[in-house]
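Engineer: got a predicted model here, sequence first, then my questions.
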Amino acid sequence: MGFPCNQFGAQEPGTNQEIAEFASSTYDVNFPMFAKIDVNGDDAAPLYQMLKEQQPGDDDSADIKWNFEKFLVNPQGETITRWGTRTTPEDIAAELADLMG
């Protein structure tokens, strides 16, 4: 699932529809794209407040550092792990397969 956010270098200033069209046509995105949200600060979406609380990351701040951080959530709603921006889906494919059983 993708949650566009304009908090990182103002890279997603468009409307939700414009962002979805760009992601689809430029990057062949085929997963659900949701409405633009904030992921850090006082207006952070409740989902991201929970994700960051359950998996705060490796340094002194639980804040999302840049677009494309990834979280794995199990069917019970528990955040299992968190990966940084530079980690690609290909990098974690084997780990995901192991976690999914």
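Structural biologist: Sure thing, it's come through.
Engineer: every contact and neighbour count from this point should use C-alpha atoms.
Structural biologist: Will do.
Engineer: what about the helices in this protein?
Structural biologist: 16-27, 46-54, 89-100 (DSSP state H).
Engineer: most neighbours per residue, which of the ones you listed?
Structural biologist: Among these, helix 46-54 has the highest mean neighbour count (mean count of other Cα atoms under 10 Å), at a mean of 16.
Engineer: hang on, the earlier thing: among the helices of the chain, which is nearest residue 64?
Structural biologist: helix 46-54 (8.0 Å; Cα to Cα).
Engineer: put together TSV for the helices of the chain, with distance to residue 70 on each row.
Structural biologist: Putting the helices of the chain into TSV (distance: least, Cα to Cα, whole Å) gives the following:
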stretch	distance to residue 70
helix 16-27	17
helix 46-54	10
helix 89-100	9
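Engineer: for residue 74, find the nearest of these.
Structural biologist: Closest among the helices of the chain, using Cα to Cα: helix 89-100, at 8.9 Å.
Engineer: give me the average confidence score over the closest one.
Structural biologist: Helix 89-100 shows a mean pLDDT of 85.
Engineer: send the alpha carbons of it over as CSV?
Structural biologist: Extracted C-alpha coordinates of helix 89-100, given in CSV (Å, rounded to 0.1, in the frame of the first residue of the first chain):
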residue,chain,number,x,y,z
PRO,A,89,11.4,-4.9,-2.4
GLU,A,90,13.9,-7.2,-4.1
ASP,A,91,16.3,-6.8,-1.1
ILE,A,92,13.7,-8.1,1.3
ALA,A,93,11.9,-10.7,-0.9
ALA,A,94,13.6,-13.7,0.9
GLU,A,95,13.0,-12.2,4.3
LEU,A,96,9.3,-11.6,3.5
ALA,A,97,9.0,-15.2,2.2
ASP,A,98,10.4,-16.5,5.5
LEU,A,99,8.1,-14.2,7.6
MET,A,100,5.1,-15.2,5.5
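Engineer: thinking again about what came up before, quick one: closest of the helices of the chain to residue 65.
Structural biologist: helix 46-54 (11.4 Å).
Engineer: who touches stretch 41-57?
Structural biologist: 37-40, 62-64, 71, 78-82 (Cα atoms under 8 Å, 6 or more residues apart in numbering).
Engineer: on that earlier part again, nearest to residue 33, out of the helices of the chain?
Structural biologist: Among the helices of the chain, the nearest to residue 33 by Cα to Cα is helix 16-27 (6.5 Å).
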